[in-house]
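# test case, fold it:
(one chain, ligands or ions: 1)
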Amino acid sequence: MAREKWGTKLGFMLAAMGSAVGLGNIWRFSFVAGNNGGGAFLILYLLFVVLIGVPLLLTEVSIGRKAESDVIGSFKKLAPKTPWYLTGFFGIASAFLILSFYAVVAGWAMFYFWNYINGSFFTSPDVGYEGAFGQFISHSWHPIIWTALFMTLTIVIVLGGVKRGIEAANRIFMPLLAVLMIVLAFFSLSLDGASEGMKFLFTPDWSALSDPSIYIAALGQAFFSLSLGMGAMLTYGSYLKKENKLPSATLGIGLMDTFFAVISGIVIFPAVFAFGIDPSSGPPLVFITLPTIFEQMPFGGVVGLIFFFALVLASLSSSVSILEVPTAYFMRAFGWSRFATSVLMGSIMFVMGIGVSLGFGVWSGVTPIGDLGILDSMDYIASNILLPLGGLSMALLVGWFLKKSEALEATDLSNSPIGGFWHFIVKYLAPILIVIIFLNAVGLLSVIFPFL
Ligand code: PHE
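So this is what the prediction gives:
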């Protein structure tokens, strides 16, 4: 059977933007920035997006398009008879880890959408939004129903192929989400005390840079938000036709993704300070802040309804790209049908998601890594370690294994003035930065280089 292809280049762009923009921009960005001191984190994150993220995005998509295969098959094709393909399993593993918590959080967003439909979040519940949210996520089965619903939608889209559903939905919902975010940003800025939030986000406290964990957090956020290192963009790239040009497409994806992250910071942090919420409250941060903002707004109930609808769709367009990674691999490697593969993979992720959800209730004392709970631990391993490792492997493959001329051709940069610059980044700068950040995070940098 011939491999599926995108209908148009725009279709690919929309799907890739849909993959990039999601909970990572709004939910994950806000709490990771909040945990890491705000301004200094934002700058590092932006730096990593420009220096590592966008060049690697181009690299990843080009691998897929050149090899026309999934994350494992592509390594096998481009580096035959080497063990390189084994690094593809970082991508498969991170897909399982990430989607199983992603579906839980997207389930929370669906529950919020539901509460705006039936009006119960128009005004603060008796226990307050924070209390209501706490009760909800710690419930033994209630949030799991929403996880199941979200996972089912994801599976349905993936098993139907992506052309009609996801391409079409993104065309409408991404602009809608963008407009809403801008309206919300202005509203949030008009709140008393908003300037505190803007200061937090835009006045870097440089002393935060002395903590090694901020670098790995910013790197992980750049990878997560750009859907990088897992093979999602690689797999999407493999459905591209050769004549579609890559550099402008990847730049567009990077810009769009960054725009959403910065705007959501401008929405969240002014409100966080105006309402006296703790910026480092972790994963629940936006779920407490947003309804509080909506309640203060004229027509806040309607805004909330549309917002969470758009957020759920943005999450869906990301989750399908994650599920597509193992689906594409297992279909090819084992000859299974798309139907059976996507249902099986999605079901395994759902079962893992049950554990994540219980981590906010009966298993809240379970801390697999340090003092991190179940969701945070899975997120740490996947986003901060596996994704950058996947990206590192792709950079080394294209930078060192392929000839420079092949690499430039694969990325449509053969005749471009930035070709040499891109190649330098992928061959040297990005790998070195990633390795330094890793060494720094495990405390080895100062052991190897005592003068630092
Ligand atoms: N980029 C997506 C988001 O920001 C999440 C994602 C990560 C998607 C990795 C695919 C691969 O929500």
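
# tell me, how many neighbours does the residue of the chain found nearest the ligand end up with?
Residue nearest to the ligand within the chain: residue 24 (2.1 Å; CB to the nearest ligand atom). From N, CA and C alone the C-beta is placed, and that goes for glycine too. Using other CB atoms under 10 Å, the number of residues around residue 24 comes to 28.

# shouldn't it be within a strand?
No - counting by DSSP: H, G, I helix; E, B strand; the rest coil, residue 24 falls outside a strand, being helix.

# quick check: it touching residue 317?
No - using CB atoms under 8 Å as the test, residue 24 is too far from residue 317 to be in contact (11.9 Å).

# quick check: closest non-adjacent residue to the residue of the chain closest to the ligand.
residue 225 (4.2 Å; CB to CB, 6 or more residues apart in numbering).

# can you read off the pLDDT for that neighbour?
If you check residue 225, the pLDDT there is 97.

# neighbours around it, how many?
When neighbours are counted by other CB under 10 Å, residue 225 comes out with 27.

# residue 407 too?
Residue 407 - counted by other CB under 10 Å - has 25 other residues nearby.

# same deal with residue 159?
With other CB under 10 Å as criterion, residue 159 counts 17.

# just after the host helix or strand of residue 325, pick out the following helix or strand.
Using DSSP states H and E, residue 325 falls within helix 300-334. In the C-terminal direction, the helix or strand that comes right after helix 300-334 (DSSP H and E) is helix 338-358.

# is that next one anywhere near the ligand?
No - judged by CB under 6 Å from any ligand atom, helix 338-358 stays clear of the ligand, getting no closer than 13.0 Å.

# list the buried residues for that helix?
338, 341-343, 345-346, 349-350, 352-358 (16 or more other CB atoms under 10 Å).

# what is the mean pLDDT for that helix?
If you average the pLDDT values across helix 338-358, you get 97.

# for stretch 355-370, buried residues please.
355-361.

# list of residues touching that stretch?
100-101, 104, 107, 137-140, 143-144, 147, 373-378, 380-381 (CB atoms under 8 Å, 6 or more residues apart in numbering).

# which bits of the stretch 201-350 of the chain sit near the ligand?
224-225, 227, 230, 232, 318, 321-322.

# neighbour-wise, give me the winner out of these.
Ranking those using other CB under 10 Å puts residue 230 first, with 33 neighbours.

# how about that residue, secondary structure?
Using three-state DSSP, the structure places residue 230 in coil.

# one step back: columns distance to residue 72 on top of the buried residues of stretch 355-370, output as a markdown table?
Listed next are the buried residues of stretch 355-370 as a markdown table, based on distance: CB to CB, whole Å:
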| residue | distance to residue 72 |
| --- | --- |
| 355 | 26 |
| 356 | 26 |
| 357 | 30 |
| 358 | 31 |
| 359 | 30 |
| 360 | 33 |
| 361 | 36 |
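
# for these, which one is nearest residue 403?
residue 356 (43.7 Å; CB to CB).

# touching the ligand at all, the host helix or strand of residue 395?
Per DSSP H and E, residue 395 falls inside helix 387-396. No - Helix 387-396 does not reach the ligand (CB under 6 Å from any ligand atom); its nearest approach is 6.8 Å.

# repeat for stretch 34-50
No - Stretch 34-50 lies out of reach of the ligand by CB under 6 Å from any ligand atom, never closer than 12.1 Å.

# now could you export just the CA positions of that stretch as PDB?
Listed next in PDB are the C-alpha coordinates belonging to stretch 34-50 (Å, rounded to 0.1, in the frame of the first residue of the first chain):
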ATOM      1  CA  GLY A  34       6.100  30.200  37.100                       C
ATOM      2  CA  ASN A  35       8.300  27.500  38.800                       C
ATOM      3  CA  ASN A  36      11.500  28.900  37.300                       C
ATOM      4  CA  GLY A  37      11.200  32.500  38.200                       C
ATOM      5  CA  GLY A  38       9.500  34.000  35.100                       C
ATOM      6  CA  GLY A  39      11.600  36.500  33.100                       C
ATOM      7  CA  ALA A  40      15.000  34.800  33.100                       C
ATOM      8  CA  PHE A  41      13.200  31.600  32.100                       C
ATOM      9  CA  LEU A  42      11.400  33.300  29.200                       C
ATOM     10  CA  ILE A  43      14.600  34.700  27.800                       C
ATOM     11  CA  LEU A  44      16.400  31.300  28.000                       C
ATOM     12  CA  TYR A  45      13.400  29.600  26.400                       C
ATOM     13  CA  LEU A  46      13.300  32.100  23.500                       C
ATOM     14  CA  LEU A  47      17.000  31.700  23.100                       C
ATOM     15  CA  PHE A  48      16.700  28.000  22.800                       C
ATOM     16  CA  VAL A  49      13.800  28.200  20.400                       C
ATOM     17  CA  VAL A  50      15.900  30.300  18.100                       C
END
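
# contact residues of the stretch 1-150 of the chain facing the ligand?
19-20, 22-25, 98.

# please list only the buried members of these.
The buried subset of these - by 16+ other CB under 10 Å - is 19-20, 22-25, 98.

# farthest pair in these?
25 and 98 (14.6 Å).

# just for this protein, where's the confidence low?
Scanning the chain for pLDDT under 70 picks out the ranges 1-2, 162, 164-166, 450-452.

# quick one on the thing from earlier: show me the contacts for the residue of the chain closest to the ligand.
Contacts of residue 24 by CB under 8 Å, 6+ apart are 221, 224-225, 261, 318.

# what is the nearest of these to residue 84?
Nearest to residue 84 out of the contacts of residue 24 is residue 224 (CB to CB; 23.6 Å).

# before we move on, back to that, so how far is the helix holding residue 395 off the chain centroid?
The chain centre lies 16 Å from the centre of helix 387-396; the measure is CA atoms, centre = their mean, to the nearest Å.

# flag every buried residue along that helix.
Applying 16+ other CB under 10 Å to helix 387-396 flags 387-396 as buried.

# what about the residue lying closest to residue 336 once chain neighbours are set aside, how many residues close to it?
Distances taken as CB to CB, 6+ apart place residue 330 nearest to residue 336, at 5.8 Å, with adjacent residues excluded. By other CB under 10 Å, 20 other residues sit near residue 330.

# my read: residue 330 touches residue 338, true?
No - Residue 330 is beyond contact range of residue 338, at 9.9 Å (criterion: CB under 8 Å).

# endpoints of stretch 132-152, how far apart?
25 Å (CA to CA, to the nearest Å).

# next, the contact list for residue 178, please.
Here residue 178 is in contact with 259-260, 263 (CB under 8 Å, 6+ apart).

# for the residues you listed, pick the one with the most neighbours.
Neighbour max across those (other CB under 10 Å) = residue 260, 24 neighbours.
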